[in-house]
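Novice: compute the structure for the input listed below.
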Amino acid sequence: MIQEAVSADIVPSPDISQLIIEDEKSVDNFLSEKQQRLLAEVLYSSWLPPTDSRTFIAAANVGVFYGIGLPPLVPDVFLSLDVTMPEDWREKKNRTYFVWEFGKAPDVVIEIVSNREGNELGSKLTDYARMAAGYYVVFDPLQVLGEEKLRTYQLAVRRYVEMENSWLEEVGLGLTLWEGVFEGKQDIWLRWCDKEGNVLPTGAERAIQAEQRAEQAEQRAQSAEQRAEQLAAQLRALGIDPDQLPS
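Specialist: This is a model prediction of the structure:
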């Protein structure tokens with residue numbers, strides 16, 4: 001009887017054999033493509049999530065299936081905490097983000113506006129709330145939707161409430177507009193940041209920082225050596241052998 005009761009509680013995964021999970025319709029511009037890569041790459045290069053498991057998935061332009069019979073949503077970028085990338089990508093159920101397989105919706109979804117057709121402040125706002133993504137972020141670099149370049153929303157009882165700032169407390173990350181160069185292109189970029197507003201570095205930026213620290217350490221060592229040589233010369237001028245001084 002116990003065996004039968006346990007089996008009855010198991011809910012089988014829905015049949016996805018007829019679902020189209022990849023297509024060739026997506027066409028992006030250079031700005032969106034670079035921005036997507038910047039947001040995803042930085043998390044893998046420079047971030048540890050504030051959770052016990054310390055696992056996450058960050059992806060760009062991957063479909064999120066969240067309901068049987070509902071079309072997927074395809075965020076420009078999403079972040080999902082406490083989940084692990086499946087090992088076998090050959091299985092259809094592992095090639096995209098099925099909410100029922102991962103057990104949760106993404107924690108953050110980000111849309112990068114390039115035109116008005118995406119309806120980021122209309123139907124997508126409603127759809128992502130239905131999907132139950134914790135935070136919804138709209139980055140409008142070309143100001144297609146108005147003067148605000150960055151809008152951030154938090155889910156509250158099945159609808160989104162616009163936030164006054166872009167610190168995502170439940171995730172332990174913030175978002176900020178950063179003016180600088182990424183992959184040779186000067187622009188205003190959307191960047192992940194800590195609570196103090198310091199941007200998380202890319203892998204390339206981390207390498208540059210490490211090189212700069214090594215150069216500074218070498219310069220300090222050279223300066224210390226030069227000071228020691230100058231002191232030794234001064235002692236010899238006074239008739240004192242520096243090599244005979246107690247250590």
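Novice: point out where the protein drops to low pLDDT.
Specialist: Low-confidence segments of the chain, defined by pLDDT under 70: 1-12, 15-27, 210-212, 214-215, 217-218, 221, 247.
Novice: now do the helices in it.
Specialist: 2-9, 30-46, 99-102, 123-131, 203-237 (DSSP state H).
Novice: can you add mean neighbour count and distance to residue 174 and give the ones you listed back as JSON lines?
Specialist: Where C-beta positions appear, they are placed from N, C-alpha and C, glycine not excepted. What follows is the helices of the chain, written out as JSON lines (neighbours: other C-beta atoms under 10 Å; distance: least, C-beta to C-beta, whole Å):
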{"stretch": "helix 2-9", "mean neighbour count": "7", "distance to residue 174": "41"}
{"stretch": "helix 30-46", "mean neighbour count": "17", "distance to residue 174": "12"}
{"stretch": "helix 99-102", "mean neighbour count": "16", "distance to residue 174": "24"}
{"stretch": "helix 123-131", "mean neighbour count": "17", "distance to residue 174": "19"}
{"stretch": "helix 203-237", "mean neighbour count": "11", "distance to residue 174": "17"}
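Novice: quick check: chain neighbours aside, which residue is closest to residue 153?
Specialist: residue 160 (3.7 Å; C-beta to C-beta, 6 or more residues apart in numbering).
Novice: on that earlier part again, residue 178 is nearest to which of the helices of the chain?
Specialist: helix 30-46 (9.7 Å; C-beta to C-beta).
Novice: mind checking how far that closest one is from the chain centre?
Specialist: 7 Å (C-alpha atoms, centre = their mean, to the nearest Å).
Novice: try stretch 113-129
Specialist: Taking mean C-alpha positions (C-alpha atoms, centre = their mean), stretch 113-129 and its chain are 21 Å apart.
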